[in-house]
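Peer 1: generate coordinates for the sequence data below:
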Amino acid sequence: MPAEPALILWDVDHTLVSFAGLGRELHARAFQEIIGRPAAQVADLAGRTDRAIVIDTLRRNGIDRPESLLPAFYAALPAAAVALDDRMRRTGRVLPGARAAVESLVGDGVVQSVVTGNLPSLARLKLACCELTDLLDLTVGGYGDDDSDRAVLVALAVKRAEAAYGVTFAPARVVVIGDTVHDVRGARDAGVRAVGVATGATTAPALAAAGADAVLADLTDPAALHAAVHGDTVT
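Peer 2: Numbers count the residues shown, from 1 in each chain. The predicted structure is shown next:
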């Protein structure tokens, strides 16, 4: 009997890959280019969408009607990443066990994609730098230009994957894997399963308190990952 279809949605930064300081620099460069002066402050990035970060940063720097500038920033951020391509390739790293973790979840009826605060082009650039694009269907993810609410990103990823693959994913078979409380809450608010990984700045207890169904220290234990994804108790 075929396995029930499953959709696994990975966060990108600090879950699969790490680019130390890159996000803040990209936003600072984009601000300088679009506004014509340095940003006095850049909004908090952790677990947030690029849409939310851009709007918050503009407001913190006294810019009215920030939403009107979103298209310009959506062009400037990827351009800044391309300009920093050499640095990205030097400093970007796959987090321990990440590639093997994604490979271990490949199976009949399993679709793997991303739900990330990054713009689609930025997510692809980061994953390409770390040679992970071959394992994920990036056409059906949820991205940072879709909305500021990560629950909306999850719902959009599910809708896109169902349309692309011609299947229906039961909520219990949709799993978001991420390193922040925003990832966990986005999954819970969307009515799907949340697996927290303490590979970023958020502690395992904080991920559990946010409502994660399971919490892992990292992605180096395939058996623990499978238990977390498929619903066995893991703490």
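Peer 1: and the helix or strand hosting residue 155, what does it pack onto?
Peer 2: Secondary structure assignment for residue 155, by DSSP states H and E: helix 150-165. Secondary-structure packing of helix 150-165 (3 or more CB pairs under 8 Å, 6 or more residues apart in numbering; DSSP states H and E): strand 6-10, strand 110-114, strand 174-178, helix 181-189. Yep, even glycine has a C-beta here, placed from its N, CA and C like the rest.
Peer 1: out of these, which gets nearest to residue 37?
Peer 2: Shortest distance between residue 37 and the helices and strands packed on helix 150-165, using CB to CB, is found for helix 181-189: 29.4 Å.
Peer 1: may I have stretch 180-194 as PDB, with CA atoms only?
Peer 2: These are the backbone C-alpha positions of stretch 180-194, laid out as PDB (Å, rounded to 0.1, in the frame of the first residue of the first chain):
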ATOM      1  CA  THR A 180      13.200  29.700  15.900                       C
ATOM      2  CA  VAL A 181      10.000  30.200  17.800                       C
ATOM      3  CA  HIS A 182       8.700  31.900  14.600                       C
ATOM      4  CA  ASP A 183       9.000  28.600  12.700                       C
ATOM      5  CA  VAL A 184       7.300  26.700  15.400                       C
ATOM      6  CA  ARG A 185       4.400  29.200  15.900                       C
ATOM      7  CA  GLY A 186       4.000  29.500  12.100                       C
ATOM      8  CA  ALA A 187       3.500  25.700  11.900                       C
ATOM      9  CA  ARG A 188       1.200  25.600  14.800                       C
ATOM     10  CA  ASP A 189      -0.900  28.500  13.600                       C
ATOM     11  CA  ALA A 190      -1.200  26.800  10.200                       C
ATOM     12  CA  GLY A 191      -2.400  23.600  11.900                       C
ATOM     13  CA  VAL A 192       0.600  21.400  11.000                       C
ATOM     14  CA  ARG A 193       3.400  19.600  12.800                       C
ATOM     15  CA  ALA A 194       6.400  21.600  14.100                       C
END
